[in-house]
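Asker: Sharing a model that was predicted from the sequence below.
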Amino acid sequence: MTNEEFTKIVEICKELKSKSNVELTNAMNDLTKTFNNTKIKIIDLTHYLDNIEDIYHKILSEYNSRIKNG
């Protein structure tokens, strides 16, 4: 969703009583799509971050064992 689209939805939200059902339905659909896409991205990024952390700890463990053993 672009900033322009989001701004339009915010304006709809400010004037809910005067907006048509079509406008409300379109806004809800757009928000639902954006919410679901954002949720998927956050989940994907969380998995990616977890993998980075795991790899870092493996490398750190190897590094520490090398330092300890000289």
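Answerer: Yep, it's here.
Asker: Only C-alpha atoms from now on, for both contacts and neighbour counts.
Answerer: Will do.
Asker: and the longest helix for this structure?
Answerer: Once the chain is assigned using DSSP state H, the helix that runs over the most residues is helix 21-68.
Asker: Could you measure from D44 over to K58?
Answerer: 21 Å (Cα to Cα, to the nearest Å).
Asker: Could you list the buried residues of the worst-scoring helix or strand of the chain on mean pLDDT?
Answerer: Considering only helices and strands, the least confidently modelled element of the chain by mean pLDDT, DSSP states H and E is helix 3-14, at a mean of 95. When neighbours are counted by 16 or more other Cα atoms under 10 Å, the buried residues of helix 3-14 are found to be 9, 12.
Asker: Tell me which residue lies farthest from the centre of the protein.
Answerer: Relative to the mean C-alpha coordinate of the chain, counting by Cα atoms, centre = their mean, the farthest residue is G70 (44.2 Å).
Asker: Just the pLDDT for that residue.
Answerer: Per-residue confidence (pLDDT) for G70: 72.
Asker: can you check Y63 too?
Answerer: Among the per-residue scores, Y63 shows a pLDDT of 97.
Asker: swap in M1?
Answerer: Here, the pLDDT recorded for M1 equals 88.
Asker: tell me the contacts of it?
Answerer: Shown here is M1, whose contacts under the criterion Cα atoms under 8 Å, 6 or more residues apart in numbering are 30, 34.
Asker: For the residue farthest from the centre of the chain, give me its contacts.
Answerer: With contacts defined as Cα under 8 Å, 6+ apart, G70 has no neighbours.
Asker: if we go to 10 Å?
Answerer: With contact set as Cα atoms under 10 Å, 6 or more residues apart in numbering, G70 has these partners: N64.
Asker: Check the gap between it and N51 for me.
Answerer: Between G70 and N51 the distance, using Cα to Cα, works out to 29 Å.
Asker: From N69, how far off is Y63?
Answerer: When Y63 is compared with N69 (using Cα to Cα), they lie 10 Å apart.
Asker: next one: I40
Answerer: On the measure of Cα to Cα, I40 and N69 end up 44 Å apart.
Asker: Give me the more crowded residue out of the two.
Answerer: Taking I40 and N69 together and counting by other Cα atoms under 10 Å, I40 has the greater number of neighbours (12 against 6).
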